[in-house]
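1. I would like the atomic coordinates for the input below:
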Amino acid sequence: MDTHYPTNRPIDAEQGATTTFPTELTNIPWIDVHNHAHTLSWNDREKFALSGCESMVMMAAAYYWTPYKPVKPQDVQYLWDDALNRLGQIKQAHVFDAKLGIGIHTGARVDEYEVLLERLPAYCTLDDVAAVGEIGITAEQHVAQWPLDDQKHVTRRQMEIADDNDIPAIAHTPPDLSDVEIPFRERGMIPGYELDMEQQQPSVIDAADERRAAIELDIECKDEAGLPDDRLVLSHADQEAASYVMESTDCYLSFTVSYPWLLGVTPQDVAAVIEKYGPDRVLVETDSAGILRSDVFAFKRTIFELYRLGIDVDTIRQVVYENPRDVLRTD
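-> Coordinates of the predicted model:
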């Protein structure tokens, strides 16, 4: 029914139709399968709850916060223990549920890593631990190079431990930043990443496409470890990675949406992959961390943007909530 408004002159509402959005769009719960929220401020963690996050997996494996390079086993185990120690208070303070990913990150060389591989299984039996991660092959290490054969051994063994404990492995896939205009590479710009890129070591992967090669090596390690495809999440996805992962594997692919200034990934990329391959193995994550400029609210914005891009509410719910529940086997 046309409505005549008693205004002095015609207003927008009188001149054309407006879009009506489904109310359930604002109430879709979501699960962040990969972040480092324990390194954020209290206020930043609160944003997760305020924007509808039901639960998350916080990765306690992060070489950034180890005090020395090369990294020693006690440095990595300290990261695990610190996150475990704080987990209960984080959940109590912010209402959402939270669990941990425990693992050995290959972003910097870890000496005597066999010690950690012996200790990791005991951590994975804890109810607080939901995944082994983040792990995976990394082409370039920070400060200290890590030979590829050792990385493959560490990755393969961690995937075996994940399989033994029936929890997923979450793999960091190194993004290709060669064509990205990154502020910290431009003289005079304020950095968005608290990492001295001059300390990055030469690549240990001899391939024209290092990113594709690293993902293929992760898949190779998964196969050798006997970890089923549906128990491996490949993080930091983009459309290029999707063409390989979605067509050649049955693994999950997770899109990092909280820092597009670095990865260049937007909701349009997520929507394009959903439309081409379907939603069944697509996830969204923030990877929010205290080490770089990221936006917690980007997850909720992605939900809205996916709808604006033509993805229906049920499909959005599957991608942001039901799929991660399946991966984590949440009751």
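2. show me the contacts for the residue nearest to residue 305 when sequence neighbours are not counted.
-> Nearest non-adjacent residue to residue 305, counting by CB to CB, 6 or more residues apart in numbering: residue 267, 3.6 Å away. Where C-beta positions appear, they are placed from N, C-alpha and C, glycine not excepted. The contact partners of residue 267, by CB atoms under 8 Å, 6 or more residues apart in numbering, come to 257, 301-302, 305-306, 309.
3. Counting only helices, which of those make the cut?
-> Among the contacts of residue 267, the ones falling in helices (DSSP state H) are 301-302, 305-306.
4. Going by distance to residue 22, which of these wins?
-> Residue 22 lies nearest to residue 306 out of the ones in helices among the contacts of residue 267, by CB to CB, at 12.7 Å.
5. Check the gap between that closest one and residue 243 for me.
-> Counting by CB to CB, to the nearest Å, the gap from residue 306 to residue 243 is 20 Å.
6. likewise residue 330?
-> 29 Å.
7. same thing with residue 272?
-> For residue 272 relative to residue 243 (CB to CB), the value is 11 Å.
8. for residue 48, same thing?
-> From residue 48 to residue 243 the distance is 31 Å (CB to CB).
9. Which of the two has more residues huddled nearby?
-> residue 48 (27 against 14; other CB atoms under 10 Å).
10. Surely that one touches residue 29?
-> No. Contact between residue 48 and residue 29 fails when scored by CB atoms under 8 Å: they sit 11.5 Å apart.
11. Which residue ranges of the stretch 201-331 of the chain form strands?
-> 232-234, 252-256, 282-285 (DSSP state E, counting those that start in this stretch).
12. Parallel or antiparallel, which strands does the last one pair with?
-> Strand 282-285 has these partner strands in its sheet, going by DSSP bridges: strand 252-256 (parallel).
13. now do the shortest one
-> Strand partners for strand 232-234, identified by DSSP bridges, are recorded as strand 169-171 (parallel), strand 252-256 (parallel).
14. hmm, who's touching the shortest one?
-> When contacts are defined by CB under 8 Å, 6+ apart, strand 169-171 is touched by residues 33-34, 57, 59, 101, 103, 131-136, 155, 158-159, 162, 218, 222, 227, 231-235, 254.
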